[in-house]
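Peer 1: sequence and predicted structure below; questions after.
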Amino acid sequence: MKPYAESCDQNRGPILDIIRPLFAGCAHVLEIGSGTGQHAVYFAGNLPHLTWYTSDLAGCHDGIRQWLDEAALPNTRGPLLLDVTQSDWTLPTVDAVFSANTAHIMHWPMVEAMFDGVGRMLPPEGRFLLYGAFNYGGDFTTESNARFDRWLKERDPLSGIRDFEAVNALAERAGMLPEEDYAMPNNNRILCWKKGTSD
């Protein structure tokens, strides 16, 4: 049976509204942490000009493959094996990177490694879009996010909602500058960074 996450069906439309214009000029996008594979199928189906590369740890590959095989879209690839903590990411060349609901599940060193890796692989002016819940100024934006953070930490004390300022510092260290911060339903955000151009 294919894996299924209800949240993917709930957030996919609002996410597509944001990424459609941002990825209009792209040809190849890498998704980090494709999870069930639902997002990949939906976004690739609605953005046929893109080649959408799925990636995740090996344990998720069977589920992702089931979604990709059933949809049989010509513009999906993978799943690729990606452990963000590996120093060498052996991946295709892409124009942009997308990731949803990963930063609050990863341990902080993994978040650091993800930003470092994305910064290395993005071309100049390439975008990194990160979807999820974030704190601002060290504070939760809503009580529901505070409850979500408590739930996350009960499952894994090293997980939790990340501070915008902290992840933005990682992005800037990796050569990416903040471009936009989009408010999304259910107290989520899409943070968008753009890789700087070299002199």
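Peer 2: Done, it's in.

Peer 1: can you give me the helices for the protein?
Peer 2: Using DSSP state H, the helices found in the chain span residues 6-22, 38-46, 61-71, 108-121, 143-155, 164-173.

Peer 1: could you find the closest non-adjacent residue to residue 12?
Peer 2: Once flanking residues are discounted, residue 12 sits nearest to residue 42: 4.7 Å by CB to CB, 6 or more residues apart in numbering. Heads up, the C-betas are built off the backbone N, CA and C, glycines and all.

Peer 1: who's in contact with the one you found?
Peer 2: 8, 12, 16 (CB atoms under 8 Å, 6 or more residues apart in numbering).

Peer 1: between the helices of the chain, which one is closest to residue 98.
Peer 2: Residue 98 sits nearest to helix 6-22 of all these, at 6.6 Å, using CB to CB.

Peer 1: which elements pack onto that closest one?
Peer 2: Helix 6-22 sits against helix 38-46, strand 96-100, strand 127-132, strand 176-184, strand 188-195, with contacts defined as 3 or more CB pairs under 8 Å, 6 or more residues apart in numbering; DSSP states H and E.

Peer 1: the last one - contacts with which helices or strands?
Peer 2: Packing partners of strand 188-195 (3+ CB pairs under 8 Å, 6+ apart): helix 6-22, strand 127-132, helix 164-173, strand 176-184.

Peer 1: returning to what we had before: winner for burial among the helices of the chain?
Peer 2: helix 38-46 (a mean of 21; mean count of other CB atoms under 10 Å).

Peer 1: angle of it against helix 6-22?
Peer 2: 40 degrees (axes from the mean of the first three to the mean of the last three CA atoms, to 10 degrees).

Peer 1: out of the helices and strands packed on helix 6-22, which one sits most buried?
Peer 2: strand 96-100 (a mean of 25).

Peer 1: what lines up beside that one in the sheet?
Peer 2: Using DSSP bridges, the strands paired with strand 96-100 are strand 28-32 (parallel), strand 127-132 (parallel).

Peer 1: redo these as TSV? Include distance to residue 55 and mean pLDDT.
Peer 2: Formatted as TSV, these follow (distance: least, CB to CB, whole Å; pLDDT from 0 to 100):
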stretch	distance to residue 55	mean pLDDT
strand 28-32	6	98
strand 127-132	14	98
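
Peer 1: middle-most residue in this structure, spatially?
Peer 2: Per CA atoms, centre = their mean, the C-alpha nearest to the average position across the chain is that of residue 99, at 0.5 Å.

Peer 1: my read is that that one contacts residue 129, right?
Peer 2: Yes - when contacts are counted by CB atoms under 8 Å, residue 99 is listed as touching residue 129 (7.5 Å).
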